[in-house]
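> Build me a model:
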Amino acid sequence: MRRILRPLCLMAALLFVLPAASLMAGCAKQWENPDIKDSHEASVRFDQDSRACDVIAGEQYPLDKNRQYKVYSQCMNDRGWVIRDGEYRFHTRTPKD
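Purely as a prediction, here's the structure:
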């Protein structure tokens, strides 16, 4: 009985986890840089720029996510990144200004 249930449970989990993960991955890229054509380079550069801007925003406003968002957005824009319409960066759901 265990030999049958274990593969069935694993299969059921994969059927739910993989689609959810791919949906989340598709929604994860909120920023794009029109100057970077190679997707791998864009991904690497985004990670670097995003971390740097997160640090800058967090240092300026450690307890205020709304102000952090504005600093983060400006920092990313200064580095050539533009946010896609209707998407947000922080969990505060603050729209871009």
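> in this protein, which ranges drop under the pLDDT threshold?
1-29, 86-97 (pLDDT under 70).
> residue ranges of the helices in this protein, please?
2-28, 39-60, 65-78 (DSSP state H).
> What residues sit buried inside the last one?
So that's helix 65-78. Judged by neighbour count using 16 or more other Cβ atoms under 10 Å, the buried positions of helix 65-78 are 65, 68-73, 75-76. Yep, even glycine has a C-beta here, placed from its N, CA and C like the rest.
> Redo those residues as TSV? Include distance to residue 59.
Output for the buried residues of helix 65-78, formatted as TSV (distance: Cβ to Cβ, whole Å):
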residue	distance to residue 59
65	14
68	10
69	14
70	14
71	9
72	11
73	16
75	11
76	16
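> what's the closest of the residues you listed to residue 49?
For the buried residues of helix 65-78, the minimum distance to residue 49 (Cβ to Cβ) is 6.4 Å, reached by residue 76.
> ok, the nearest residue to that closest one once chain neighbours are set aside - contacts?
Of all residues not flanking residue 76 in the chain, residue 53 sits nearest, at 5.3 Å (Cβ to Cβ, 6 or more residues apart in numbering). Neighbouring residues of residue 53 by Cβ atoms under 8 Å, 6 or more residues apart in numbering: 71-72, 75-76, 79.
> Residue 47 versus residue 64, what's the distance?
Separation of residue 64 from residue 47 (Cβ to Cβ, to the nearest Å): 24 Å.
> ok, the two, which is more surrounded?
residue 64 (14 against 10; other Cβ atoms under 10 Å).
> if I look at that one, how far off is residue 58?
10 Å.
> Repeat that for residue 72.
Distance from residue 72 to residue 58, by Cβ to Cβ: 9 Å.
> what's the overlap in contacts for these two?
Joint contacts of residue 72 and residue 58 (Cβ under 8 Å, 6+ apart) do not exist.
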